[in-house]
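**Student:** What follows is a predicted protein model with its sequence.
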Amino acid sequence: MLLLALTAGGSLGRHYIAMFEASQNVTLKPTESWREALLDTRVMDLFFTVHRKIREDSDMAQDSLQCLAQLASMHGPIFPDESAQVSYLAHLVEGLLSMINGIEIEDSEAVGISNIISNLISMFPRSTLTALPSDLFTSFINCLTLLTCSFGRSAALEEVLDKDDMVYMEAYDRLLESWLTLVQDEEHFPRGCFIQPAIQVFNSYIQCHLAAPDGTRNLSVNGISSHEEDEINEIQEDDRELFSDQLSSIGMLGRVAADHCIPLLTTLLEDRVTRLHGQLQRTQQQLMASSDPGSMDRKVLDDLYEDIHWLILVSGYLLADDCQGETPLIPSEVMEFSIKHSTEVDINTTLQILGSPGEKASSIPGCNRTDSVIRLLSAVLRTSEVESRATRASLTELLSPQMGKDIMWFLRRWVKTYLLVDEKLYEQISMPLSTAFGADTEGAQWIVGYLLEKVINNLSVWSSEAELANDTVELLVTLVEKRERANVVVQCESWWNLAKQFASRSPPLHLLSSPVQRSLMKALVLGGFAHMDSDAKQQYWAEVLHPLQQRFLSLINQENFAQISQEEAVKQEIVATLEALCGIAEATQIDNVASLFSFLMDFLSSCIGLMEVYSNTPETINLIIEVFVEVAHKQICYLGETKSMKLYEVCLTLLQVYSKNNQNRKRNDATAEEDQYQDLLLIMELLTNLLSKEFIDFSDTDEVFRNQDQGTPASSRTVSAADVVLYGVNIVLPLMSQDLLKFPSLCNQYYKLITFICEIFPEKIPQLPEDLFKSLMFSLELGMTSMSSEISQLCLEALSPLAEQCAKNQEKDTPLFIATRHFLKLVFDMLVLQKHNTEMTVAAGEALYTLVCLHQAEYSELVETLLSSQRDAVVYQRLADAFNTLTASSTPPTMDRKQKVAFLKSLEEFVANVGGLLCVK
């Protein structure tokens, strides 16, 4: 009962229905010929009436709500002017409010109603929304507020009841996304109009996530309590990722109403931390008095940990954004909030509260005259301090590793944004924030020292908790990845102690998991490039890197190394060294690549020797290859030609040794675990990383190595990227069976690699041995026809350069020319006869155009065959006209960019016109 099935008798309707079947939220963009029908208010009224009549039938109700959601997404030339759009929207909002206010929403309606609101907010311009009568706009925002709070409470109940079908959670997510869209554009709306709604939604979210009496979390519903504790802990693990979209929206709403939300979070968190401190002390006394520690009731503690968990997550999302690759800035709303209240703030008291995490904030005189943003951070530091003191009092088993993870996550997010705040990046700066955390301030130095002590404490206490140790070492990396922060870090004695302890493999650091050791090495290397005098720097490297080199060389140069290599202690030393090398490679930056490349190259040849020794130990082989993968991934883009060639040579040697060791290895077991094929995955990753040099090249003819020996001139180069990659492909292609392609990560990496090769070295493809060439062509066909849309798109992108290569050679009847003729039919059928993801039209269109240029006669034949098979004269004529229009823009088609662009534009119209006409179900 789709709207377009009812309103459209022509191709437009069929095209949209075909699209709808692929995607559940298709927007409606009818042409102006529909104006009279769809702008008639009676049509919309009809759909609202229909929904009221059939809403008891959940299946039909979903269809009618989908129609209304499409009406709410209507845009394009159907609206003659803005006033028509405003009138349409006003009528839609009135109908929606009338429908919602008159009913008690059924479970089956929640998602549909949220889709209507989401479409309405995302599709109509801000100017149209603000042009609504003010009382109607206010009613709409109030309704949205109540619905969001209601759906949030119902979503919380769904979690308690552990329902499979989380309809309210989906609806709640959609409404929160709508709020995010609105508040990000708040300058278009009346000033302050979102503050009260933001407070209500924020309060409701907090309430649902706190235990009674302040909140409603885990209350029993009709006698059914929430999950068992172990289930809760299992589910909790991933909350910050699982609910990241929700938390982003709540964090943004918290900023809109910062005056209310920041003090609220501070009060709630300080209260929970005080209670936690008291509860730990009481529990300790009970344990000492009890003969059976296992019988202790931990419910009070668990409730406190869960409360603290959510309060820290919300605080982290409110105070800072997670900006990948960008310099994170203090959110403008938080900065303005701090500036607005700075006249009421006593900076000395604020700094005292910040610097006294062991004391209750409320016990410090004048505590109410503190900066609220700093006080919220202080509340998290107090949580951290309670945890540290509990570990020192041997109460670690009473603590929650989850709380430890949350604290580390929050502090890492905070450090990126606030520590050593750069005033030049802001139009105006808060004096309290600048005084507490600015460059060269005592506050910044104190907090760096405090965080380092915390990191060291965590790594010794929680070494067996892999995720917590990982979050801890990620905080350490964040502290040193920016040079300005690293300069402060290396002034702390505890940093040097940590470096010595790690380099000497002292307990308990040697107990840390491999990924954590790798990240720790990365952090120590990054710290070594901070500003120090030359003697200190020399001493630092002597303590961090030289022991690694000396231990490794003395071990592998022993005469009996081959005999002792399988001993557990020796294997552990080798693995620790390989992990450290990966960490060193991961620390690469443009200003340290010269010294790190030279250091790592000394190891790579020795690593190849280890391939022989450990040829029967797959885990070690994989780790050796991974060292090469990391070096190529992090360093190739900075290397000039001479250094690149050295890396290519050593990679080629690695592949040759791998190939020799692998010749007798069978891979027939289709049911085997994916990790058995980790070596193949890593080889493909290595080849892809080497190829990336063709796309991303920051080198300047070895400019970053200008103080070093330039070595062999580039003109006498012996090994190229193409040589290494094609040698690697000779290894990989014969091993990639259809069974192996069922593993998603292997499949993605494989197709990414072969697409790269076709794009960068198309001239090498015809030179492949016949069986490998056939394997490659079969892989491309399989990827286009039987894999996911992402893989299909990659294969289509590989076809254009292959066809262009054929056109350049002007040789007919070559295997590649014959293969491209076969692909012409495949792409033609995909675009004209089959349902396909609309996002693939561009990639398929580009491939089709180059293939048509190459095989014009065959293309005409395909069109003729298709037309002659049509029995319906109307369909025949429409198809014939559509094909004529499609090729009119590029007759005859040539490999010309302008013609290709014109063809792609015509193709879009072609697909819209006949896309639903011939789709084979």
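**Tutor:** That came through fine.
**Student:** Could you use CA atoms for every contact and neighbour count after this?
**Tutor:** OK.
**Student:** Quick one: the helices in the stretch 201-350 of the chain, in order.
**Tutor:** 229-236, 239-242, 244-256, 258-289, 299-319, 332-340, 347-354 (DSSP state H, counting those that start in this stretch).
**Student:** in this structure, which ranges drop under the pLDDT threshold?
**Tutor:** Low-confidence segments of the chain (pLDDT under 70): 1-26, 219-237, 291, 293-295, 664-676, 695-718, 836-838, 889-891, 915-921.
**Student:** Report the central residue of it.
**Tutor:** In the chain, the residue lying closest to the centroid (Cα atoms, centre = their mean) is Gln324, at 8.9 Å.
**Student:** what residues are up against it?
**Tutor:** Neighbouring residues of Gln324 by Cα atoms under 8 Å, 6 or more residues apart in numbering: there are none.
**Student:** and what of the one 4 residues further on?
**Tutor:** For Pro328, the contact set (Cα under 8 Å, 6+ apart) comprises 320-322, 416-417.
**Student:** Backbone dihedrals for it, please?
**Tutor:** Reported as degrees, to the nearest 10, the phi and psi values for Pro328 are phi -70, psi 130.
**Student:** Equivalent analysis for Val421, please.
**Tutor:** Dihedral angles of Val421 (phi, psi; degrees, to the nearest 10) stand at phi -50, psi 130.
**Student:** ok, and the closest non-adjacent residue to it?
**Tutor:** Gly438 (5.0 Å; Cα to Cα, 6 or more residues apart in numbering).
**Student:** repeat for Leu38
**Tutor:** Spatial nearest neighbour of Leu38, chain neighbours left out: Met44 (7.7 Å); criterion: Cα to Cα, 6+ apart.
**Student:** can you tell me the helix or strand for that neighbour?
**Tutor:** helix 41-54 (DSSP states H and E).
**Student:** before we move on, back to that, number of residues surrounding the residue nearest to Leu38?
**Tutor:** As a burial measure, Met44 scores 20 neighbours (other Cα atoms under 10 Å).
**Student:** residue contacts, it?
**Tutor:** Met44 makes contact with 38, 68, 71, 92, according to Cα under 8 Å, 6+ apart.
**Student:** mind listing what the last one touches?
**Tutor:** In this structure, Leu92 makes contact with 44, 72, judged by Cα under 8 Å, 6+ apart.
**Student:** From Leu180, how far off is it?
**Tutor:** Distance of Leu92 to Leu180, computed by Cα to Cα, to the nearest Å: 22 Å.
**Student:** ditto for the first one
**Tutor:** Plainly put, Leu38 is 30 Å away from Leu180 if you go by Cα to Cα.
**Student:** With Val256 instead?
**Tutor:** Noted for Val256: a distance of 11 Å to Leu180, by Cα to Cα.
**Student:** returning to that earlier point: need the next SSE after the helix holding Met44, C-terminal direction.
**Tutor:** With secondary structure assigned by DSSP H and E, helix 41-54 is succeeded by helix 58-72.
**Student:** other SSEs contacting that next one?
**Tutor:** The contact analysis (3 or more Cα pairs under 8 Å, 6 or more residues apart in numbering; DSSP states H and E) places helix 58-72 against helix 3-7, helix 41-54, helix 110-123.
**Student:** who touches it?
**Tutor:** Contacts of helix 58-72 (Cα under 8 Å, 6+ apart): 1-3, 25-28, 44, 47-48, 50-51, 54-55, 89, 92, 108-109, 112-113, 115-117, 119-120, 123.
**Student:** Now the terminal residues of stretch 453-472, how far apart.
**Tutor:** Termini of stretch 453-472 sit 11 Å apart (Cα to Cα).
**Student:** try stretch 541-551
**Tutor:** Per Cα to Cα, stretch 541-551 runs 15 Å from first to last residue.
**Student:** and it, how far out from the chain's middle?
**Tutor:** 36 Å (Cα atoms, centre = their mean, to the nearest Å).
**Student:** Tell me the buried residues in it?
**Tutor:** For stretch 541-551, the buried set under the neighbour-count rule, 16 or more other Cα atoms under 10 Å, comprises 541, 543-545, 547-548.
**Student:** Which one of those residues is nearest to Ser362?
**Tutor:** Proximity of those to Ser362, judged by Cα to Cα, is greatest for Val544, which lies at 43.9 Å.
**Student:** If you tally nearby residues, what's the number for the closest residue to the closest one other than its chain neighbours?
**Tutor:** In space, and not counting its chain neighbours, Val544 is closest to Ala503: 5.4 Å by Cα to Cα, 6+ apart. Using other Cα under 10 Å, the number of residues around Ala503 comes to 20.
**Student:** mind starting the numbering at 881 from now?
**Tutor:** Happy to do that; since the first residue is 881 now, the last one works out to Ala1383.
**Student:** mind listing what Ala1383 touches?
**Tutor:** Contacts here follow Cα under 8 Å, 6+ apart; on that basis Ala1383 touches 1423-1425, 1427-1428.
**Student:** Equivalent analysis for Ser1539, please.
**Tutor:** Per Cα under 8 Å, 6+ apart, neighbours of Ser1539: Ile1611.
**Student:** Would you mind listing the buried residues in the helix or strand encompassing it?
**Tutor:** Ser1539 belongs to helix 1521-1542 when elements are defined using DSSP H and E. Across helix 1521-1542, burial judged by 16+ other Cα under 10 Å covers 1521-1532, 1534-1539.
**Student:** likewise stretch 1264-1279?
**Tutor:** Quick answer for stretch 1264-1279 (16+ other Cα under 10 Å): 1264-1268, 1270-1271, 1275-1276, 1278-1279.
**Student:** Output those as CSV; include the columns secondary structure and distance to Glu1373.
**Tutor:** Converted to CSV, those look like this (DSSP: H, G, I helix; E, B strand; the rest coil; distance: Cα to Cα, whole Å):
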residue, secondary structure, distance to Glu1373
Ser1264, helix, 21
Glu1265, helix, 20
Val1266, helix, 24
Glu1267, helix, 23
Ser1268, helix, 20
Ala1270, helix, 24
Thr1271, helix, 22
Leu1275, coil, 28
Thr1276, helix, 26
Leu1278, helix, 31
Leu1279, coil, 29
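**Student:** Tell me how far Ser1672 lies from Leu1706.
**Tutor:** 12 Å.
**Student:** Give me the more crowded residue out of those two.
**Tutor:** Remark: of Ser1672 and Leu1706, Ser1672 carries more neighbours, 22 against 15, as counted by other Cα under 10 Å.
**Student:** who are the neighbours in contact with the closest residue to that one other than its chain neighbours?
**Tutor:** Leaving out its chain neighbours, the residue that sits closest to Ser1672 by Cα to Cα, 6+ apart is Met1664, at 4.2 Å. By Cα under 8 Å, 6+ apart, the contact list for Met1664 reads 1671-1673, 1675-1676.
**Student:** Please apply the same query to Ile1516.
**Tutor:** Taking Cα under 8 Å, 6+ apart, one finds 1524, 1569-1570, 1573, 1577 in contact with Ile1516.
**Student:** ok, those residues vs Asn981, which is closest?
**Tutor:** Nearest to Asn981 among those is Asn1569, at 57.7 Å by Cα to Cα.
**Student:** Helix or strand: which one has that closest one?
**Tutor:** Counting by DSSP H and E, Asn1569 is found in helix 1558-1571.
**Student:** where exactly do the helices run in the stretch 1481-1630 of the chain?
**Tutor:** Using DSSP H, counting those that start in this stretch, helices in the stretch 1481-1630 of the chain cover 1498-1515, 1521-1542, 1558-1571, 1601-1615, 1624-1640.
**Student:** CSV for these, including distance to Leu1231?
**Tutor:** Output for those, formatted as CSV (distance: least, Cα to Cα, whole Å):
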stretch, distance to Leu1231
helix 1498-1515, 41
helix 1521-1542, 51
helix 1558-1571, 48
helix 1601-1615, 56
helix 1624-1640, 50
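**Student:** Please identify which of these is closest to Lys1304.
**Tutor:** Within these, the stretch nearest Lys1304 is helix 1498-1515; the backing value is 30.1 Å (Cα to Cα).
**Student:** Tell me the buried residues in whatever helix or strand Ser1475 lives in?
**Tutor:** If you go by DSSP H and E, Ser1475 is part of helix 1473-1493. In terms of neighbour count (16+ other Cα under 10 Å), helix 1473-1493 has its buried residues at 1473-1474, 1476-1477, 1479-1481, 1483-1484, 1487-1488, 1490-1491, 1493.
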